[in-house]
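> Fold the following.
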Amino acid sequence: MCVLNLTGQLSHPLRSSMLCIFCLQERAPSLEHVFPLSVGGTVTTDRVCQECNSTLGTRVDAALSDFLPIRARRAELRLAGNSGTPPAWYEIFLGDATVIGQNVNRIQTTFDEATRKLDHRQLYHATDVVTADGRKQRRITIDARDKVQIPKIIQRERKRHGLAPLSDEELNAAAGDFETKEVKNPVVQLSIGASFAFLRHAMMKIAYELAFLWLGEAYLKDPIANALRTAILDPDVASTDKIDAYVDVADGCTAFKQFWIPTKSTTWPMPSSWRMVASRSMLGSSTSMQFPSW
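Just a heads-up that it's a prediction; the model follows:
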């Protein structure tokens, strides 16, 4: 078992080999952050092999680090993790979106590094309309900044519909026949998804590693530890569902609130509404140790 100093970092160099607490194989060690580095974790251990560290880091730790509320909190606290770049506050707004109640229809949002503001650009949109005198016309909507592309767009549309190209004179006249509209205070509809897959794995992995650091080698032989270890390593997203534990919003756990009520000012670095609650059964049948409110 490794020894931790006050900062939570390993107080000795990595050994040449050790018994991995997940696969239980004698392998070369790697530096494992109990709480992922990306959420501000400083407690480390060298009792996880590189293979398990990599596999669980990609599948389990990333599920926690990239969970939408946590990414938002990481952006606020500028927590970068191994990538070296923290999430950006504006990332959920980037990409294509729909403007509600306007002729603009689809827009693309990017972030302008020069102005440090979001930039919305109307995407190309074409519809067929019938004029008052019964003629069928092709109405094309583009961003005002792309108006220099109008001649090319007209020729391309005519070719697509089997029409002969316009002469330079005709093209200049057609390209000048446009109107500009300003959309003020647009209502933008975004599709934002948040995946809960492997969140339970991530929280139980933290509990398992903390329990090992506190209880030592004997914990690895505990039947509850074995059940946790097996479930955490299993790539099945439902593998932790049968583990007797509460992993959910902290405010919903009466026992947890008896010790500590999370607030934004006292919760670091995790979002105030998401904390881990571990029951005694998660630690194992051989101990009555409880988790402190970290």
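> Where do the domain boundaries of the chain fall?
If you go by automatic domain parsing, the domain ranges for the chain are 18-67+195-283, 93-189.
> most packed of those?
Among the domains of the chain, ranked by average contacts under mean count of other C-beta atoms under 10 Å, first place goes to domain 18-67+195-283 (a mean of 18). Where you see a C-beta, it was placed from the backbone N, CA and C, and this is true even at glycine.
> what about the helices in the protein?
Along the chain, counting by DSSP state H, helices occupy 50-56, 62-65, 68-77, 150-160, 168-175, 199-215, 223-233, 254-257, 280-283.
> Nearest to Ser30 among those helices would be which one?
Nearest of the helices of the chain to Ser30, taken as C-beta to C-beta: helix 50-56 at 4.3 Å.
> could you say what helices and strands that closest one packs with?
strand 29-33, helix 223-233 (3 or more C-beta pairs under 8 Å, 6 or more residues apart in numbering; DSSP states H and E).
> residues making contact with that helix?
20, 22-23, 27-32, 48, 205, 232-233 (C-beta atoms under 8 Å, 6 or more residues apart in numbering).
> between these, which is nearest Ala97?
Taking C-beta to C-beta as the measure, Ala97 lies nearest Lys205 of the contacts of helix 50-56, at 35.4 Å.
> tell me the contacts of the closest one?
With C-beta under 8 Å, 6+ apart, Lys205 has these contacts: Leu56, Val60, Asp61, Ile232.
> cool, Ile92 as well?
Counting by C-beta under 8 Å, 6+ apart, Ile92 touches Leu68, Ala72, Leu190, Ile192.
> Try it again at 10 Å.
By C-beta atoms under 10 Å, 6 or more residues apart in numbering, the contact list for Ile92 reads Leu68, Arg71, Ala72, Ala75, Leu190, Ile192, Gly193, Ala194.
> Could you do Leu166 as well?
Contact analysis of Leu166 by C-beta under 10 Å, 6+ apart lists Pro151, Ile154, Gln155, Arg158, Asn172, Ala173, Ala174, Ala175.
> What's the separation between the closest residue to Arg158 other than its chain neighbours and Lys159?
Sequence neighbours aside, Pro165 is the residue nearest to Arg158 in space, at 6.1 Å (criterion: C-beta to C-beta, 6 or more residues apart in numbering). According to C-beta to C-beta, to the nearest Å, Pro165 stands 7 Å off from Lys159.
> same thing with Cys52?
58 Å.
> end-to-end on stretch 183-197?
39 Å (C-alpha to C-alpha, to the nearest Å).
> Quick check, Gln65 in contact with Ala72.
For the record, residue 65 is Ser, not Gln. No - between Ser65 and Ala72 there is no contact under C-beta atoms under 10 Å: 12.0 Å.
> what residues do those two have in common as contacts?
Contact criterion C-beta under 10 Å, 6+ apart; residues shared by Ser65 and Ala72: Pro87.
> on that earlier part again, can you list residues touching both of Pro165 and Lys159?
With C-beta under 10 Å, 6+ apart, Pro165 and Lys159 have no common neighbours.
> tell me the contacts of Leu220?
Leu19, Ile21, Phe22, Leu24, Arg47, Tyr208, Ala211, Phe212, Asn226, Arg229, Gly284 are the contacts of Leu220 under C-beta under 10 Å, 6+ apart.
> Could I get the pLDDT score of the residue nearest to the fifth one when sequence neighbours are not counted?
Leaving out its chain neighbours, the residue that sits closest to Arg47 by C-beta to C-beta, 6+ apart is Ile21, at 4.8 Å. The predicted local distance difference test score for Ile21 is 97.
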